[in-house]
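*Asks:* Structure of the sequence below:
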Amino acid sequence: MRIRLSIFLFLLAWAFGCPTSPDPNTQAVKDTILRYNQLLAEGYANMNMNPLQEVATADQAGKEYRHMAALGETNIRMEAVLKSIEFSEIVVSREGTASAVTNEAWDYTHLNVRTRTPVTTQKDIVYTLKYELKHENRRWLVASIENIGQKESSTHRAN
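*Replies:* You can find the predicted model right below:
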């Protein structure tokens with residue numbers, strides 16, 4: 001009887017005491033969004049969104065390219081710094097899609113392309129974003145991003 005009780009207690013402790021390993025798709029979705037934000041910031045700073053295609057669909061990368069190009073046409077280059085990101089929800093479906101909601105804090109500096117002097121600085125812009133992702137060719141790609149909430153902290157226009 002003692003052996004049965006010991007085995008039962010051991011199995012109970014093992015079943016409820018051992019941490020479950022995270023779903024690999026959930027972690028892959030997080031990693032894709034983190035990489036997307038890294039490449040997005042680099043793309044704006046370098047005025048080259050081509051590397052974004054590593055983690056985004058052609059349509060999504062094209063949207064970011066058009067925004068970057070519009071800034072460039074006004075002789076503005078943007079430097080963006082992701083200060084923090086928090087994942088509040090990730091849902092992975094069996095159909096090869098996923099969605100994630102994040103809270104992100106960003107700082108932006110808009111620079112004159114020719115003089116490299118700051119034109120506008122924005123600090124602590126907090127977004128709540130909803131990412132939609134697709135699983136293609138054994139990798140997750142950001143297919144769209146929706147801004148579902150935004151708070152601006154401070155904007156400074158240089159003279």
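*Asks:* contacts, neighbours, all on C-alpha from now
*Replies:* OK.
*Asks:* quick one: the helices in the chain?
*Replies:* 2-17, 24-46, 58-73 (DSSP state H).
*Asks:* nearest to Ser88, of these?
*Replies:* Ser88 sits nearest to helix 24-46 of all the helices of the chain, at 11.0 Å, using C-alpha to C-alpha.
*Asks:* How about residues contacting that closest one?
*Replies:* Residues from elsewhere that reach helix 24-46 (C-alpha atoms under 8 Å, 6 or more residues apart in numbering): 48-52, 55-56, 64, 68, 77-82, 87, 90-92, 98, 100, 133, 140-142.
*Asks:* Go through that helix and flag the buried ones.
*Replies:* Neighbour counts over helix 24-46 (16 or more other C-alpha atoms under 10 Å) mark 25-26, 29-30, 32-33, 35-37, 39-45 as buried.
*Asks:* Next: stretch 89-98.
*Replies:* 90, 92, 97-98.
*Asks:* Find me the pLDDT at the residue nearest in space to the middle of the chain, would you?
*Replies:* Central residue of the chain (C-alpha atoms, centre = their mean): Ile33, 3.4 Å from the mean position. pLDDT, Ile33: 98.
*Asks:* Next: the one 10 residues further on.
*Replies:* The score at Gly43 is 97. That number is its pLDDT.
*Asks:* next one: Leu9
*Replies:* Per the predicted model, pLDDT is 44 at Leu9.
*Asks:* now the spatially closest residue to Val101 that is not a sequence neighbour, which residues is it bridged with?
*Replies:* Of all residues not flanking Val101 in the chain, Lys130 sits nearest, at 4.5 Å (C-alpha to C-alpha, 6 or more residues apart in numbering). Beta-bridge pairing for Lys130 (DSSP bridges): Val101, Glu146.
*Asks:* quick one: Lys130 and Glu104 touch, right?
*Replies:* No - with contact defined as C-alpha atoms under 8 Å, Lys130 does not reach Glu104; the gap is 10.9 Å.
*Asks:* about what we covered before: what separates the residue nearest to the centre of the chain from Met47, distance-wise?
*Replies:* 20 Å (C-alpha to C-alpha, to the nearest Å).
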